[in-house]
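Trainee: I need the structure of the sequence given here:
(one chain, ligands or ions: 1)
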Amino acid sequence: MSLTNLTDLADLTRVFVDPTAYADEERFHAACRVLRRENPVVRVESEQYRPFWAITRHADVLEVERDNEHFLNAPRPLLVPSEMEARAAASGQVLRTLIHMDEPDHKAFRGITSKWFLPGQIRALEERIRERAVRYIDRMADLGGACDFAQEVAVGFPLHVILSILGLPEEDFPRMLQLTADLFGSDDDEINRSGDAQQQRMAAMLDFFQYFVALTADRRANPTDDLASVIANATINGELLNDYDAASYYVIIATAGHDTTSSSIAGGLEALLRHPDQLARLRDDPSLGTSAVDEMIRWVTPVKEFMRTATEDRTVGGQLIPAGDSVYLAYLSANRDETVFEDPFRFDVARADNKQVAFGYGVHFCLGAHLARLELRVFFEELLKRVDDIQLAGEPSRSATVFVGGLKHLPISYRMR
Ligand code: HEM
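Mentor: Numbers count the residues shown, from 1 in each chain. Predicted structure coming up:
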């Protein structure tokens, strides 16, 4: 049965286009709970964005992602304000990354690094990752028993991991951090530096681009064993990537690889602190590390959406999606679907058979999923070995975003062993 009151429906669907709604999860989840039940595939209209259909049920998200022949990433992989889409169309796209591509290009480009991110390869990085985690936990000790965990620990650790895997020098890390915040966080007033979010995104992309063009030239001249060298020296149909494609590749790895993971680490810790029984359980039984990590990632779901566009009329969840219309994959809603997760609003570090879709599904399934899981597992292993009496020391706050985000501030206090 559909909701008949269109005013109510417009109110409910506003959560998808209002960046502040993602910072108020109770409001977001309350709306999605009704939509999953009453209008699981719902048209969303707003001033800022071109209309789209929000897909809120787990099964429907999987169905769209599985059907990558009829639901394409191009030309609208993400929710971007229509004004910015128009500007990009007029001036040409700034980047073309894996998330902008469909087959056959996507497969060829993904193949360049897919072996690098396989579980066996990633496991070999465990000691390097552990050493970085320990560095950040030492820093917590230096901070003397209280810190803003989101800003002082969670942001830096995954950034160090991904940039060191890429092979960038440490002195460039702060610049990368700022650029990622500009790209992903610019719907948030506190994070937004210039006040004009769209201009800021464009400036960040150009800055990234220039940096990575220089990196490509360097790794071609002096190849090393880092990931940047793999990308710089890869060939497709016998040709090296052009500067634009190579730079786009680094950008997707550098940006996708840390904001997502840092949000999961901070949100995972918040969940443990709000559920002390679960914290005690994980501490007593470190073998729960793997299931705890997937539960943290489900709980946080740092990537709020990706989009697809229908190549022809398709029906999803009983709703016709006309050719050319776009669908919004509501990962946060799918990860609370009560038909898939038993008691979905319970945080359970031992949740069995966790079908969370925070990494997406199908051919675009997150390239860095094994790396992200390893970073979280190792980080929490080291953290729980070292801290006692860890607790919230103030109200956490979340970033306003329509794409990637989570905790902006997480004040905590603790005692180190
Ligand atoms: C908890 C952390 C992370 C989450 C929740 C996450 C989530 C996602 C999601 C939802 C997608 C889109 C999947 C789809 O369209 O079906 C994606 C794609 C991607 N992710 Fe992640 N990600 C995380 C960490 C990472 C890391 C550490 C890397 C490092 C390399 C990474 C690299 C990528 C890339 C390159 C893509 C594009 C893949 C493609 O289009 O083929 N991600 N991620």
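Trainee: ranges for the strands of the stretch 51-200 of the chain?
Mentor: Here the stretch 51-200 of the chain has its strands, by DSSP state E, counting those that start in this stretch, at 52-55, 71-72, 146-148.
Trainee: Mind putting those into CSV with mean neighbour count and distance to Leu159?
Mentor: No exception for glycine: its C-beta is placed from N, CA and C like everyone else's. Output for those, formatted as CSV (neighbours: other Cβ atoms under 10 Å; distance: least, Cβ to Cβ, whole Å):
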stretch, mean neighbour count, distance to Leu159
strand 52-55, 26, 31
strand 71-72, 22, 31
strand 146-148, 17, 16
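Trainee: any chance of these in CSV, with mean pLDDT and distance to Thr309 too?
Mentor: Below are those laid out as CSV (pLDDT from 0 to 100; distance: least, Cβ to Cβ, whole Å):
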stretch, mean pLDDT, distance to Thr309
strand 52-55, 98, 9
strand 71-72, 98, 5
strand 146-148, 98, 40
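Trainee: out of these, nearest to Gly92?
Mentor: strand 71-72 (19.4 Å; Cβ to Cβ).
Trainee: Check which helices and strands that closest one sits against.
Mentor: Identification of packing neighbours for strand 71-72 by 3 or more Cβ pairs under 8 Å, 6 or more residues apart in numbering; DSSP states H and E yields strand 305-310.
Trainee: Quickly check: stretch 272-292 near the ligand or not.
Mentor: No. Among the residues of stretch 272-292, none lie within reach of the ligand under Cβ under 6 Å from any ligand atom; the closest is 13.4 Å away.
Trainee: before we move on, back to that, need the strands of the stretch 51-200 of the chain in TSV (columns: distance to Ala181).
Mentor: What follows is the strands of the stretch 51-200 of the chain, written out as TSV (distance: least, Cβ to Cβ, whole Å):
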stretch	distance to Ala181
strand 52-55	26
strand 71-72	29
strand 146-148	15
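Trainee: mind checking which of the ones you listed is nearest Glu338?
Mentor: strand 52-55 (16.2 Å).
Trainee: And the strands of the stretch 51-200 of the chain: which comes nearest the ligand?
Mentor: strand 71-72 (10.3 Å; Cβ to the nearest ligand atom).
Trainee: strands paired with the closest one, and their directions?
Mentor: strand 305-310 (antiparallel) (DSSP bridges).
Trainee: where does the stretch 301-417 of the chain come near the ligand, residue by residue?
Mentor: So far as Cβ under 6 Å from any ligand atom goes, the stretch 301-417 of the chain lies against the ligand at 302-303, 306, 358-362, 364-368, 371-372.
Trainee: Tell me the helix or strand right after the lengthiest helix in the chain.
Mentor: Across the chain, the helix with the greatest residue count (assigned by DSSP state H) is helix 197-221. On the C-terminal side of helix 197-221, the nearest following helix or strand under DSSP states H and E is helix 227-233.
Trainee: which helices and strands sit right next to that next one?
Mentor: Contact here means 3+ Cβ pairs under 8 Å, 6+ apart; on that basis helix 227-233 packs against helix 105-114, helix 156-166, helix 197-221, helix 243-256.
Trainee: Now with 6 Å, please.
Mentor: helix 156-166, helix 197-221 (3 or more Cβ pairs under 6 Å, 6 or more residues apart in numbering; DSSP states H and E).
Trainee: got the buried residues for the last one?
Mentor: This points to helix 197-221. Neighbour counts over helix 197-221 (16 or more other Cβ atoms under 10 Å) mark 197, 200-205, 207-209, 211-212, 215-216, 219 as buried.
Trainee: And the ligand, is the helix or strand of the chain with the lowest mean pLDDT touching that?
Mentor: Lowest mean confidence among the helices and strands of the chain (mean pLDDT, DSSP states H and E): helix 173-184, at a mean of 77. No. Applying Cβ under 6 Å from any ligand atom, one finds helix 173-184 out of contact with the ligand, separated by at least 12.0 Å.
Trainee: tell me the angle that helix makes with helix 156-166.
Mentor: Counting by axes from the mean of the first three to the mean of the last three Cα atoms, to 10 degrees, helix 173-184 lies at 110 degrees to helix 156-166.
Trainee: Off-centre distance for helix 173-184?
Mentor: Using Cα atoms, centre = their mean, to the nearest Å, the mean C-alpha position of helix 173-184 is found 15 Å from that of the whole chain.
Trainee: Output the strands of the stretch 51-200 of the chain in CSV, with distance to the ligand appended to each entry.
Mentor: Compiled in CSV, these are given as follows (distance: least, Cβ to the nearest ligand atom, whole Å):
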stretch, distance to the ligand
strand 52-55, 12
strand 71-72, 10
strand 146-148, 20
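Trainee: quick one on the thing from earlier: are any of the residues of the stretch 301-417 of the chain next to the ligand buried, and if so which?
Mentor: Listed as buried from those are 302-303, 306, 358-361, 364, 366-368, 371-372; burial here means 16+ other Cβ under 10 Å.
Trainee: Which ones among the residues you listed lie within strands?
Mentor: Among those, DSSP state E puts Phe306 in strands.
Trainee: Now, the buried ones among the residues of the stretch 301-417 of the chain next to the ligand that are in helices?
Mentor: Using DSSP H, those in helices are 371-372.
Trainee: quick one on the thing from earlier: the ligand is nearest to which of the helices and strands packed on helix 227-233?
Mentor: The closest of the helices and strands packed on helix 227-233 to the ligand is helix 156-166. By Cβ to the nearest ligand atom, the value is 5.8 Å.
Trainee: Lowest average confidence across the helices and strands packed on helix 227-233, which one?
Mentor: Lowest mean pLDDT within those: helix 197-221, at a mean of 85.
Trainee: That one vs helix 156-166, what angle?
Mentor: Going by the same axes, to 10 degrees, helix 197-221 makes 40 degrees with helix 156-166.
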